[in-house]
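> when you get a sec, could you give me coordinates for this:
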Amino acid sequence: MGVEIERKFLVRSQDFREEAEEAIQMVQGYLSTTPEHTIRVRRTGEEARLTIKGPARGLVRPEFEVEITAVMAGQLLAHFCQGRTLTKTRYVVPRGEVVWEVDVFDGENQGLVVAEVELSRPDQEVDLPAWVGQEVTGDSRYYNARLVEEPYQSWSQEE
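Sure, this is the predicted structure:
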């Protein structure tokens, strides 16, 4: 089983678009969203994955991911994820030794833009691009699984 080590930040400008090598449309649906684990299906065109994530311990969380067919993903999304889906465009931005993934959310999460960077170890140093703003690592409001329950547009202005 793998682990995911990542930091998450809000994005303060659209400058990341100039550096992006790729923009990928995604739909994600959640089969389960408990504190112990999340089970997600993600489809990006004809590619799809089923992912199980355990609870985060700091920057680290266990992750199991397997490729599934787009047809299987479509069926899971249609029959088991109703009301628990989100859509976004992911911009892939390589910078030095890391790759930033900037998610621009649609629908009820429109207006939210979050940058993630996966690390090889929790204490890895990373240079923050100028377009990166406040760090929100560990703030569960910004977990995709939480955004299907409490979409960004429903948050109060103080949040």
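> quick one, phi psi at Arg57?
Note on Arg57: its backbone torsions stand at phi -120, psi 90 [degrees, to the nearest 10].
> what's the closest non-adjacent residue to Gly2?
Closest residue to Gly2 apart from its sequence neighbours, by CB to CB, 6 or more residues apart in numbering: Glu63 at 5.1 Å. Backbone N, C-alpha and C define where each C-beta goes, glycine included.
> paired strands for the helix or strand hosting Glu116, with orientation please.
Using DSSP states H and E, the element containing Glu116 is strand 113-118. Partner strands for strand 113-118, per DSSP bridges, with pairing direction: strand 2-11 (antiparallel), strand 98-105 (antiparallel).
> that older thread, how many other residues sit next to the residue nearest to Gly2?
Other residues within reach of Glu63, judged by other CB atoms under 10 Å, total 15.
> state the mean pLDDT of the strand holding Glu116.
Mean pLDDT, strand 113-118: 98.
> ok, stretch 71-86 next?
Here the average pLDDT along stretch 71-86 is 95.
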